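Trainee: this is a predicted model, with the sequence first.
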Amino acid sequence: MSRWAVSKSNWGQMKKHNRILPTAFRYYLMWTLCWCALVSACVSGKNTPRNVTSTSPSQIQDAYPVMALTEAQPAYPYPVAHTSTPHPTPTSLPQEYPEYAGLIYWNHAGQWQIQADGQVQLILDRPFAQFSSSGTQALYEQDWDIWIADLSTGERRNLTNTPDRSECCPNFWPARPEVILFRSGSFTSDNLFSAAFLTSIRTNGEGYSVLDDQHPFNGDIFPSPDGQLIAYGAGWLYRWDTQTVERFQTEGYSGIDLQDIVLISPAWSPDGLRLAWTVSADFDGQRLYGAAIFNLLAQTAIAFHFFEPVGFDGPIPNPLWSPDGQWLAIDSFAEKPDMAGIWIMSASGQPGDEFQLQPNIGGHANKDMIWSPGGRWLATSPSPTSGDVIWIYESGQWQMKEIRLDNPGRVFAWLKIE
């Protein structure tokens, strides 16, 4: 599936034209070039390499089973310049922050994790890889295929390998550890957000299945904690056991009265009893964006923080639940500064109780925030242009602490370190 491969026909043409030169002339030309190279080397003898030995790819893989660099990957989810980077020396963070162990941030070299001893370690050379809840496996997209990496052994496998179909944006399903969810279709970087469909495959590479071939979508895929439903796209739900697709019905929920409501990006609460959506609705002819929380058992809902959006590329940010289910963080891509940035809403709050935690530095959506596994901390990358700082907020207190990185990057995930 490589988009850079030379076709067999072109290679054949190259070989065909090469036969035009007489054999004797080609040998003469090769002898002349070699003689010139030898003379040049003797003149600049101090630059001539000596005692150089080569190391086989298998030996390199054994020496660096996790950090072995591979060829550059296509854009996911946005274009990222990726070049082979030497393995950097780990850097230390202040030892007074041991509770931040497990935090992962990314840069063009890959994914970095803060270890229990305060050291920062490169754990994978893929900037946007998704990690299993155990932290032992990672999923990433390469050449429009889905790959899985074993972080303990360094083994990497192409799970899809479909020449006539493209895949991107994989995710694990914690409730079904053997299932991987992603988007697939006949798309490229130009139409990624209009021609991708909900798809699944098992971690052993078997069972490739397009679950919904009728509703293309962009944005993230959110499976339910009980392993029964998958929320995605513009309000769609896929039922795993019955293999059916249905639209999430907002009618019948008390507490909200919105005109022409559109569901955009979902997020399940950790207990699976509430489903939050980024929504848009009509307010006297003006379409505003906000957030809504639907209580599936009580059939009640609240909608809050509606704003006029600012334009930006990419999918609409989804809400982000704290792992303890007490808080909901939303990334407000509002045009007005006093409505923009990261906002926090208590799960038991009412419209108007939300508050601005962090303004949008740079004037557009951050989408760089992650909760710690227990929900005590919320980490953010405050600036969309600079990655040398991470801000940490303690839940409930909301006072900010700052981590300065010697190796700049942006927050991405937070795994528990035993």
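Mentor: On my side now, so go ahead.
Trainee: pull out the buried residues from stretch 120-138.
Mentor: Within stretch 120-138, the residues that count as buried by 16 or more other C-beta atoms under 10 Å are 120, 122-132, 135, 137-138. Where you see a C-beta, it was placed from the backbone N, CA and C, and this is true even at glycine.
Trainee: kindly report the same for stretch 395-410.
Mentor: 395, 403, 405, 407-410.
Trainee: what does that stretch contact?
Mentor: With C-beta atoms under 8 Å, 6 or more residues apart in numbering as the test, stretch 395-410 has contacts from 88, 91, 93-94, 97, 100, 105-107, 112, 120, 322, 324, 326-327, 344, 357, 368, 375-378, 381, 386-394.
Trainee: filter those down to the buried ones, ChimeraX style.
Mentor: To isolate the buried members of the contacts of stretch 395-410 in ChimeraX, using 16+ other C-beta under 10 Å:
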select :93,100,105,106,107,112,120,322,327,344,357,368,375,376,377,378,381,387,390,391,392,393
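Trainee: name the element Trp277 belongs to?
Mentor: Element membership of Trp277 [criterion: DSSP states H and E] is strand 274-283.
Trainee: tell me which strands that strand pairs with, and in which orientation.
Mentor: Here strand 274-283 is paired, per DSSP bridges, with strand 259-268 (antiparallel), strand 286-295 (antiparallel).
Trainee: and stretch 173-187, what's its mean pLDDT?
Mentor: Throughout stretch 173-187, pLDDT has a mean value of 94.
Trainee: which of the residues in that stretch are buried?
Mentor: Of the residues in stretch 173-187, those with enough neighbours to count as buried (16+ other C-beta under 10 Å) are 173, 176, 179-185, 187.
Trainee: and stretch 339-351, how far apart are its ends?
Mentor: According to C-alpha to C-alpha, to the nearest Å, stretch 339-351 extends 14 Å from its N-terminal end residue to its C-terminal end residue.
Trainee: same question for stretch 133-144.
Mentor: Stretch 133-144 has an end-to-end distance of 24 Å (C-alpha to C-alpha).
Trainee: using the three-state scheme, assign Gln356.
Mentor: strand (DSSP: H, G, I helix; E, B strand; the rest coil).
Trainee: so Asp220 touches Pro315, yeah?
Mentor: Yes: the pair formed by Asp220 and Pro315 meets the contact definition of C-beta atoms under 8 Å, at 7.3 Å.
Trainee: export the strands paired with strand 274-283 as a markdown table, with columns for distance to Gly205 and mean neighbour count.
Mentor: As requested, the strands paired with strand 274-283 are arranged in a markdown table below (distance: least, C-beta to C-beta, whole Å; neighbours: other C-beta atoms under 10 Å):
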| stretch | distance to Gly205 | mean neighbour count |
| --- | --- | --- |
| strand 259-268 | 27 | 18 |
| strand 286-295 | 36 | 20 |
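Trainee: quick one, which of those gets closest to Thr160.
Mentor: For these, proximity to Thr160 was assessed by C-beta to C-beta; strand 259-268 is nearest, at 24.6 Å.
Trainee: show residues contacting that closest one.
Mentor: Contacts of strand 259-268 with the rest of the structure, by C-beta under 8 Å, 6+ apart, involve 219-220, 222-225, 231-232, 234-235, 248, 250, 274-283, 289, 292, 315-321, 328.
Trainee: return the distance of that strand from the chain's centre.
Mentor: Its chain's average C-alpha position is 22 Å from that of strand 259-268, according to C-alpha atoms, centre = their mean, to the nearest Å.
Trainee: what sits against the closest residue to Arg410 other than its chain neighbours?
Mentor: Of all residues beyond its chain neighbours, the one nearest Arg410 is Ser381 (4.2 Å), with distances taken as C-beta to C-beta, 6 or more residues apart in numbering. Ser381 makes contacts with 105, 366, 368-369, 387, 389-391, 410-411, as judged by C-beta under 8 Å, 6+ apart.
Trainee: pipe those residues into a markdown table and attach secondary structure and pLDDT per row.
Mentor: A markdown table is the format used below for those (DSSP: H, G, I helix; E, B strand; the rest coil; pLDDT from 0 to 100):
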| residue | secondary structure | pLDDT |
| --- | --- | --- |
| Tyr105 | strand | 93 |
| Asn366 | coil | 51 |
| Asp368 | coil | 85 |
| Met369 | strand | 92 |
| Gly387 | coil | 75 |
| Val389 | strand | 87 |
| Ile390 | strand | 90 |
| Trp391 | strand | 91 |
| Arg410 | strand | 91 |
| Val411 | strand | 93 |
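Trainee: what bits of the stretch 1-150 of the chain have low per-residue confidence?
Mentor: 1-98 (pLDDT under 70).
Trainee: wait, Val279 touches Ala291, no?
Mentor: Yes: with contact defined as C-beta under 8 Å, Val279 reaches Ala291; the gap is 6.7 Å.
Trainee: what's the overlap in contacts for these two?
Mentor: Taking C-beta under 8 Å, 6+ apart as the criterion, Val279 and Ala291 both touch Ala303.
Trainee: does the residue positioned nearest the centre of the chain count as helix, strand or coil?
Mentor: For the chain, the residue lying nearest the average C-alpha position, counting by C-alpha atoms, centre = their mean, turns out to be Phe128 (3.9 Å). Following three-state DSSP, the label given to Phe128 is coil.
Trainee: against Asn360, how distant is the residue nearest to Arg410?
Mentor: Taking C-beta to C-beta, to the nearest Å as the measure, Ser381 and Asn360 are separated by 12 Å.
Trainee: could you do Ile392 as well?
Mentor: Ile392 sits 18 Å away from Asn360 when distances are taken as C-beta to C-beta.
Trainee: Gly135 belongs to a helix?
Mentor: No: for Gly135, which was evaluated using three-state DSSP, the result is coil, with no helix membership.
Trainee: just checking, it touches Lys416?
Mentor: Yes: if you go by C-beta under 8 Å, Gly135 and Lys416 touch, sitting 7.5 Å apart.
Trainee: returning to that earlier point: let me know the closest of the buried residues of stretch 395-410 to Gln243.
Mentor: Using C-beta to C-beta as the measure, the one of those that approaches Gln243 most closely is Arg410, at 37.4 Å.
Trainee: who does that closest one bridge with?
Mentor: Trp106.
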